[in-house]
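Chemist: With the input below, show me the fold.
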Amino acid sequence: MKRTLIMGSLFALLLVGLNAAAQKKGKWVTLFDGKTMKGWRGYNMTGIPNAWTIEDGALKINARSATTNERGDLLFDQKFKNFELQLMYKVDKGANSGILYLAQELPGKRVYQSAPEFQVLDNENHPDAKAGKNGNRKSASLYDMIPATPQVDKGFGQWNEARIIIKDGHVQHFLNGKKVVEYTLWNEDWKNMVLNSKFKDWADFMNAGGESRSGFIALQDHGNNVWFKNIKLREL
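Modeler: Numbers count the residues shown, from 1 in each chain. This next block holds a predicted model:
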């Protein structure tokens, strides 16, 4: 009887643990509270570059100036594998930035050398919109690889809603409620896309997510004014 009670108690504890893990997995977590940079730091840094500030409840990367001389991409200091990420972003006229995912932190290398990028851009006024192939450097595109279709960016000065879903290597980009990009990592199609892009010589990019198939979420410093807010994530 005693053995049965012990086994029953252990089984009950196991069920509680599994239920708690399941609840945590599907729960939305706020990554930016609109007031502090808790949880964030510069890429390959321990602190926050002074180019990043908080303005009206948004994380802002400021344009280059004498007072924003500490530059660098910003990352949330936790790796994620399968997740749904939602946020709002707004760009200044002529601005460029990006939302990078599955990023690895590699000494001596830039974050984009290991991470796919959801492009953030002023399509009308930044020259990168006319570079690449078939618009694959416009807003919400998988940068330099897959154009966002349809292109529903609202233009500079307007808030856009971005959503990125990754589940076992299957990736989707959404912009303002529309699915605009869909692809699968690490298969032959992925390898061929990389080989036909500017990333063809970067092994870390080809193997996005590294051995664990997980990585950091990062916001890019491209030297322009860009705002991010309402950043939240749920693990899948």
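Chemist: Show me this structure divided up by domain.
Modeler: The chain breaks down by automatic domain parsing into domains covering 1-29, 31-235.
Chemist: which stretch in the ones you listed has the least confidence?
Modeler: Note on the domains of the chain: lowest mean pLDDT is at domain 1-29, with a mean of 55.
Chemist: okay if I get the domains of the chain as TSV plus mean neighbour count?
Modeler: Quick note: C-beta positions are derived from backbone N, CA and C, even for glycine. Formatted as TSV, the domains of the chain follow (neighbours: other C-beta atoms under 10 Å):
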stretch	mean neighbour count
domain 1-29	10
domain 31-235	18
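Chemist: dump the residue contacts of residue 87.
Modeler: If you count contacts by C-beta atoms under 8 Å, 6 or more residues apart in numbering, residue 87 has them with 99, 161, 162, 228, 229, 230, 231, 232.
Chemist: residue boundaries of the strands in the chain?
Modeler: 29-30, 40-42, 52-55, 58-61, 74-76, 83-91, 96-103, 117-121, 160-167, 170-175, 178-184, 216-219, 226-235 (DSSP state E).
Chemist: Could I get those strands in TSV, plus columns for distance to residue 144?
Modeler: Below are these laid out as TSV (distance: least, C-beta to C-beta, whole Å):
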stretch	distance to residue 144
strand 29-30	30
strand 40-42	24
strand 52-55	25
strand 58-61	21
strand 74-76	21
strand 83-91	18
strand 96-103	11
strand 117-121	8
strand 160-167	17
strand 170-175	14
strand 178-184	12
strand 216-219	17
strand 226-235	19
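Chemist: what's the closest of the ones you listed to residue 143?
Modeler: strand 117-121 (3.9 Å; C-beta to C-beta).
Chemist: That'll do, ta.
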